[in-house]
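*Asks:* dropping a prediction and its sequence here:
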Amino acid sequence: MSKANLGIGLVHGVVTAQSAALLPQIVDAFDATEIIVVNTEQQALLISDIPQYLRGHVEADTLFSDPARISTLAMKHHRILQAAAVVTDVVPVRLGTLVRGPSGARDLLNREAVRFAGHLVTIHNALEFSVRILPTEQPSRRVARPVPSSGRDYLRIRRDERCGQRPAVVDITLQELASRAVAIRERQSASRSGGRTPALAEAAFLVDRHALAAFDDCAGRIERQIAENGLALDIFGPWPAYSFVDGARENLG
């Protein structure tokens, strides 16, 4: 971790002050040096110092006006958070959050200390998997309907079939994955775009670090099972718990 002087910094995430010492050397978002870590007593910010040649864009509020630069910085932002998440809990801060100098970084930490602490509790010792359930072109073969475990499940399956809602197997899949997770956040599936069929369901799962392999194994088994129903399972992660913090962009501190 760099101890270099901080001018204007691009903030990536928050860790506890104690765990900051565990972080490996992480190259900053501009491939210039290591990230800078600014601490208060309880928390620490992970920051990339913005190079001098880009400072004019900061002052003109055009740093994020170039789509190519945004895409590059987004990838570097994720790389930094992922490197930190391997060894400790990290609260992702939305890309575009800037601070001026160490005092601005500490002002941000002090101003948002309660919110950051709450997020660190929420994601304690856990990482995120992102899951999408998609229809395939054709079911691999005709199969029987899912066997309901109760009269209530049977009525729900019949209701969904009549109403043309998503197949009951989608909800069963989400429930089974959720039983192996700490928390679930289901997202609104995107509408059809570019001729692609939209997902039937999209969800993020917060999974205990000690259960990552078991969750991945469960997802693999489900993927094979639902393929017979003409469905596919896309799974991404584990990565930082983006979906379980609000990620509000902060003002320049």
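*Replies:* Received the coordinates, thanks.

*Asks:* mind listing the helices for this structure?
*Replies:* The residue ranges that make up the helices of the chain, judged by DSSP state H, are 17-20, 55-59, 67-85, 101-111, 113-122, 151-163, 168-178, 212-227.

*Asks:* wait, Asn229 touches Val170, no?
*Replies:* No. Counting by Cβ atoms under 8 Å, Asn229 stays clear of Val170, with 9.3 Å between them. No exception for glycine: its C-beta is placed from N, CA and C like everyone else's.

*Asks:* follow-up on the earlier one: redo the helices of the chain as CSV? Include mean neighbour count and mean pLDDT.
*Replies:* Conversion of those to CSV gives the following (neighbours: other Cβ atoms under 10 Å; pLDDT from 0 to 100):
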stretch, mean neighbour count, mean pLDDT
helix 17-20, 15, 96
helix 55-59, 13, 92
helix 67-85, 17, 97
helix 101-111, 18, 96
helix 113-122, 16, 96
helix 151-163, 12, 58
helix 168-178, 18, 93
helix 212-227, 15, 94
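
*Asks:* so Leu98 versus Asn110, what's the distance?
*Replies:* Leu98 sits at a distance of 17 Å from Asn110 (criterion: Cβ to Cβ, to the nearest Å).

*Asks:* need the helices of the chain in CSV (columns: distance to Phe236).
*Replies:* Putting the helices of the chain into CSV (distance: least, Cβ to Cβ, whole Å) gives the following:
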stretch, distance to Phe236
helix 17-20, 25
helix 55-59, 31
helix 67-85, 11
helix 101-111, 29
helix 113-122, 20
helix 151-163, 27
helix 168-178, 13
helix 212-227, 11
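
*Asks:* out of those, flag the one nearest Thr40.
*Replies:* Within those, the stretch nearest Thr40 is helix 101-111; the backing value is 4.6 Å (Cβ to Cβ).

*Asks:* hmm, who's touching the closest one?
*Replies:* Applying Cβ atoms under 8 Å, 6 or more residues apart in numbering, the contact partners of helix 101-111 are 6-9, 11, 14, 38, 40, 43-45, 47, 97, 99, 116, 250, 252-253.

*Asks:* separate out the buried members of those residues.
*Replies:* Of the members of those, the ones counted as buried by neighbours, 16 or more other Cβ atoms under 10 Å, are 6, 8-9, 11, 14, 38, 40, 43-45, 47, 97, 99, 116, 250, 253.

*Asks:* returning to what we had before: which one of the helices of the chain lies closest to Leu200?
*Replies:* Closest to Leu200 of these, according to Cβ to Cβ: helix 168-178, at 5.1 Å.

*Asks:* helices or strands up against the closest one?
*Replies:* Taking 3 or more Cβ pairs under 8 Å, 6 or more residues apart in numbering; DSSP states H and E as contact, the helices and strands that helix 168-178 lies on are strand 126-135, helix 151-163, strand 183-187, strand 201-208, helix 212-227, strand 231-239.

*Asks:* domains of this structure?
*Replies:* Split into domains by automatic domain parsing, the chain comes to 8-122, 126-239.

*Asks:* please state the offset of the first one from the chain centre?
*Replies:* For domain 8-122, the gap between its own C-alpha mean and the chain's C-alpha mean amounts to 15 Å (Cα atoms, centre = their mean, to the nearest Å).

*Asks:* ends of that domain, how far apart?
*Replies:* Chord length of domain 8-122, first to last residue, is 30 Å (Cα to Cα, to the nearest Å).

*Asks:* for the last one, same thing?
*Replies:* The distance separating the two terminal residues of domain 126-239, taken as Cα to Cα, comes to 9 Å.

*Asks:* contacting residues for Leu23?
*Replies:* By Cβ under 8 Å, 6+ apart, the residues touching Leu23 are 1, 15, 37, 46, 83-84, 87-88.

*Asks:* out of these, which are buried?
*Replies:* When burial is judged by neighbour count using 16+ other Cβ under 10 Å, the buried members of the contacts of Leu23 are 15, 37, 46, 83-84, 88.
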